[in-house]
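Undergrad: Output the structure for:
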Amino acid sequence: MIVHKVSVQNFRSIENEILFCSELTALVGRNGSGKSSFLRALELFYSLSPKVDSEDFYNRDITREIVISVTYKSLNGEALSLFEKYVENNELTVERVFSLKDGKFSSSYHGSSLQNDKCSEVREALLLTDSGKTAKEKYAQLKAGPEFSSLVHATTKAAISESLKNWERANPAKCSRSRDDGQFFGFKSVASGYLGRFTKFLFIPAIRDASQDAADGASSPIAELMNLVVRSVLAGKTELADLKRTTQTQFGELMDPSKLSELSVLAGGMTHTLQSFVPDASIEMSWQKLPDIDFPLPKADTKLNQDGYASSVGRAGHGLQRAFILTALQHLALAQQKDGAAEGVSSAVLPVLILAIEEPELYQHPNSQHHLARIILEIAKGKTPGVAEKTQVIYGTHSPYFVGIDRIDQIRLLRKQKSVVDSNPRVTKVIQTDLDRVARKVWEVNGSNGLAFTPLTLLPRLASIMTPSLNEGFFADVVVLVEGEGDVAAICGASGVLGYDLASMGVSVIACNGKNSIDRPAVIFSELGISTFIVWDSDKGQSDSKKIAQSAKDNQTMGRLVGAVLEDFPATQVADRYACFEVKLEETLREEIGGNFEKYLKEIQDKLGIPKRDWAMKMPTVYSEVLRIAKANGEGSVTLETIVKNIVALK
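TA: This next block holds a predicted model:
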């Protein structure tokens, strides 16, 4: 049973939005976009002792409920049977509602079940009356009608409630799905079952004290692991039981009241003293029953060993501490599942672990980030032995190592948008796409030739262009896709001359290694609502016939991609969202600056000690310096300046 979607209303920055989840779900977006709000909403939904205050309500509007609805799919046979009245299309939706009642915040779980409005009126009476008299009267009136004549005779609240449920099950066509009366069973035993039998939630916030997790205290993960895995085994050892029994017997013999005269002697002495005050009074003393002897079990002293040196968890590096937290919590979940199985829960219904992580890359070296991202992906695919049998992972990240254009199905882009009420704070919205839609769009911009692309045929085309720099586009407000590093250098260099710091403005300029690799990321970023600007060279004037044919084909693809007039070799042009150079960007730059271009370039090469021209033409600093000198001499590139201004205008 895994989470299919999370619907949140009136919680923090989320006024009313739905997050669809896969086996692994990566939340991306700027700081404050609402990534943590969704993770915290899930934590609140699962919490056994939830706490909310007015700050948790969107716009501090405590007159409206916080509603967190989780829809589960992939229910097994036991779950389908147990939650039968709440299941629709093989999915189960459970709501947790937080509201202010009598000056206090309260919460309740609700299921969505088939209900008849007239039956609901009786249920409301059952909840509102202490004696049940009004409910009995309403039930009798309902039963008297021809439509409800099949209702059984019932006089108690429980019997009335059960009778109404049975009638609604037998008459689904006369019912509609709506929130139940709050009697849905939650994660502890309530009513007729356990939701926690099928799903378990673990949350790793961005800030968590690893030293506390390592302490063998009352409620730390290590203490729970010790209790489940180690102490339970130790306590069950026959040798320990024999030692307790022998010691108890010897202690009992030593403390046999018949052999202990000290208490009676003390009572006699105290009686003698008491009778000097009250002659007819006396004091009696006897030994209480001996307590059972118990031996304290050992506690664990956890240390982390790295490079041959062991230290306490709190003194280890933050990256190692965070890896330790992930390890401890995963193995705790496994131990708890095994403990549940030992108590009679079959392995078929061991709970799915929902693992939510804020910034899994936190404190990790880039190489470690890459490795950790792969491990978490394997965990979500169920390929990691020794953890849970099934783990669903949801994390919020700012790292390009934890996303990928080949994993577009997993990415959810969160953005703040205006509320429907202009005066209200901006609200979180979730944007997503999928490989099916991307494959169809890429096939269309490539001319819709041959068999339509599918996710299976698209994936190899995505794998060939995957780079961390390309993944940075998921975190940008504006993405500029260009052919090569020289184009990146030219645009970034020109922006510096014009006084724009593109990186600080949320603009990523990304080299795609050729224009025939621009189509896929352009479609993906556009599908996610990321403003995209595309720059390519027409490559007119080539002599090789094969290159001419390929360039013409690629230019047609670029034209479809940006919505331009389709031409084999379009002329130089700059539009709001794209720019094309008839030959190459460098040629246009040389034409616009004039004959001094090479002179300025050589001066900068000599100044910066760059021996090769090709190297220099891939450096933003070189372009900046060339353009500054040109500007000082009344020269410059109007085309390049227009491109930069159009990019900035997309913010």
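
Undergrad: I'd like to know how many residues surround the nearest residue to residue 151 once chain neighbours are set aside.
TA: The shortest distance from residue 151 to any non-neighbouring residue, by Cβ to Cβ, 6 or more residues apart in numbering, is to residue 143 (4.4 Å). (C-beta placed from N, C-alpha, C; glycine too.) For residue 143, the tally of surrounding residues (other Cβ atoms under 10 Å) stands at 18.

Undergrad: For residue 143, list the residues it contacts.
TA: 149, 151, 153 (Cβ atoms under 8 Å, 6 or more residues apart in numbering).

Undergrad: can you tell me how far it sits from residue 137?
TA: As judged by Cβ to Cβ, to the nearest Å, residue 143 and residue 137 stand 11 Å apart.

Undergrad: go on, residue 43?
TA: As defined by Cβ to Cβ, residue 43 lies at a distance of 44 Å from residue 137.

Undergrad: Which one's more surrounded, these two?
TA: Taking neighbours as other Cβ under 10 Å, residue 43 and residue 137 compare with residue 43 leading, 17 against 13.

Undergrad: The residue of the chain most remote from its centre in helix, strand or coil?
TA: Relative to the centre of the chain, the most outlying C-alpha is that of residue 279, 79.0 Å out, by Cα atoms, centre = their mean. Secondary structure, DSSP: H, G, I helix; E, B strand; the rest coil: residue 279 is coil.

Undergrad: Just the pLDDT at it, thanks.
TA: Looking at residue 279, its pLDDT reads 89.

Undergrad: mind checking how far it is from residue 618?
TA: Look at residue 279 and residue 618: by Cβ to Cβ, they are 112 Å apart.

Undergrad: do residue 21 as well
TA: Separation of residue 21 from residue 618 (Cβ to Cβ) stands at 41 Å.

Undergrad: quick one: which of the two has more around it?
TA: residue 21 (22 against 18).

Undergrad: Now the more buried one: closest residue in space, sequence neighbours ignored.
TA: For residue 21, the closest residue by Cβ to Cβ, 6+ apart turns out to be residue 3, at 4.8 Å.

Undergrad: quick one, helices of the stretch 101-250 of the chain?
TA: 117-128, 133-144, 157-170, 210-214, 221-225, 232-235, 238-254 (DSSP state H, counting those that start in this stretch).

Undergrad: before we move on, the earlier item: residues contacting the helix or strand hosting the residue nearest to residue 21, please?
TA: Here residue 3, judged by DSSP states H and E, is contained in strand 2-11. Residues from elsewhere that reach strand 2-11 (Cβ under 8 Å, 6+ apart): 14-21, 23, 37-38, 40-42, 44-45, 56-58, 61, 64-74, 91, 199, 352, 354, 390, 392, 394.

Undergrad: residues of that strand that come out buried?
TA: Residues of strand 2-11 classed as buried by neighbour count (16 or more other Cβ atoms under 10 Å): 2-4, 6-11.

Undergrad: Tell me which helix or strand comes right after that strand.
TA: Using DSSP H and E, the next helix or strand after strand 2-11 towards the C-terminus is strand 14-20.

Undergrad: and the angle for that following strand with strand 2-11?
TA: 170 degrees (axes from the mean of the first three to the mean of the last three Cα atoms, to 10 degrees).

Undergrad: Would you list the strands that strand 14-20 pairs with, along with their directions?
TA: strand 2-11 (antiparallel) (DSSP bridges).

Undergrad: average pLDDT across the strand it pairs with?
TA: Across strand 2-11, the average pLDDT comes to 96.

Undergrad: Can you lay out the buried residues of strand 2-11 as CSV showing distance to residue 287?
TA: Output for the buried residues of strand 2-11, formatted as CSV (distance: Cβ to Cβ, whole Å):
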residue, distance to residue 287
2, 59
3, 59
4, 64
6, 61
7, 64
8, 62
9, 64
10, 63
11, 60
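
Undergrad: ok, those vs residue 449, which is closest?
TA: Using Cβ to Cβ, the shortest approach to residue 449 within the buried residues of strand 2-11 belongs to residue 4, at 36.4 Å.

Undergrad: Quickly note the distance from residue 92 to residue 184.
TA: Using Cβ to Cβ, one gets 10 Å for the distance from residue 92 to residue 184.

Undergrad: which neighbours do these two share?
TA: Both residue 92 and residue 184 are in contact with 86, 111, where contact means Cβ under 8 Å, 6+ apart.

Undergrad: Name the residues that touch stretch 368-380?
TA: Outside stretch 368-380, the residues that touch it by Cβ under 8 Å, 6+ apart are 23-24, 319, 323, 330, 355, 357, 360-361, 364, 384, 387, 391-393, 395, 399, 401-402.

Undergrad: Is it possible to mark the buried ones in those?
TA: Looking at these with 16+ other Cβ under 10 Å, the buried ones turn out to be 23-24, 319, 323, 330, 355, 357, 360-361, 364, 387, 391-393, 395, 399, 401-402.

Undergrad: Perfect, I'm done here.
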